[in-house]
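**Q** Pasting the sequence and the predicted model now:
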Amino acid sequence: MTLERVKLKDKKILNNLIQLYLHNLSQNFKIDFDSKKGLYIYEDISKYFINDNDIPLFIKDEDNILGFILLNLSEKENIVQELFILNNYKRLGYGKKAITEVFNTYKGNWCIKVVPCTPNSENFWINTVNEYTKGKYKLERTGKYNRAEIYFNN
Ligand SMILES: CC(C)(COP(=O)(O)OP(=O)(O)OC[C@H]1O[C@@H](n2cnc3c(N)ncnc32)[C@H](O)[C@@H]1OP(=O)(O)O)[C@@H](O)C(=O)NCCC(=O)NCCS
């Protein structure tokens, strides 16, 4: 498994993957859908190709895309904005391996806002961060969905 920064020429591939990701999330949580375009609504991803600290990564095995990660890094806080593993590759350890590599590469104050109402994702994040930090993380719950937020420093 390797992490590869997404190049501008592959922006369309990333947008396609984001649609699959949003469809996946919509199993548990309502995601707005634009019926005129046949697309889930997501922010413009241009910043990932302009700012050094907004980092789009493909998770790959040789030429095969396994998933993607979007990161927003800053002095104040490093945010894992999105993480997605394609169905064919789920539950094979790729998500954990990829995000552990991210934590080993980028240091600082990490914040992960887990997608609400999705016990599998919550389980993934708590398991992965607990293992990485050896239990030294903070878990908070916020808002009407009791959303899990995970904080740690590395
Ligand atoms: C969440 C997600 C990234 C996990 O990726 P993955 O590569 O399948 O996860 P891994 O194989 O690395 O799993 C590591 C651990 O997380 C937990 N986990 C992962 N998927 C799980 C599931 N479906 N149900 C329960 N626990 C799960 C397990 O503890 C697992 O360890 P184990 O397999 O030894 O029991 C993937 O399921 C996904 O893309 N989901 C849809 C998008 C999403 O929810 N992203 C997170 C947004 S906050």
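**A** Thanks, I have the structure now.
**Q** quick one: contacts for whatever residue of the chain ends up closest to the ligand?
**A** Closest approach between the chain and the ligand, counting by C-beta to the nearest ligand atom: residue 95, at 2.5 Å. Backbone N, C-alpha and C define where each C-beta goes, glycine included. Residues near residue 95 by C-beta atoms under 8 Å, 6 or more residues apart in numbering: 67, 83, 85, 124, 128.
**Q** from the residues you listed, which ones fall inside strands?
**A** 67, 83, 85 (DSSP state E).
**Q** contacts with the ligand among those residues, please.
**A** Restricting the ones in strands among the contacts of residue 95 to those touching the ligand (C-beta under 6 Å from any ligand atom) yields 83, 85.
**Q** could you dump the ones in strands among the contacts of residue 95 to TSV with neighbour count, pLDDT and distance to residue 104?
**A** Supplementary listing: the ones in strands among the contacts of residue 95 in TSV, determined by neighbours: other C-beta atoms under 10 Å; pLDDT from 0 to 100; distance: C-beta to C-beta, whole Å:
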residue	neighbour count	pLDDT	distance to residue 104
67	23	98	18
83	23	98	15
85	22	98	19
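**Q** As a check, name the ranges of all strands in the chain.
**A** 2-5, 33-34, 39-40, 54-61, 64-72, 78-85, 109-113, 138-142, 147-153.
**Q** Name the residues that touch the fifth one?
**A** Residues outside strand 64-72 that contact it (C-beta under 8 Å, 6+ apart): 1, 3, 6, 13-14, 17-18, 21, 45, 48, 53-60, 78-86, 89, 94-95, 98-99, 102, 106.
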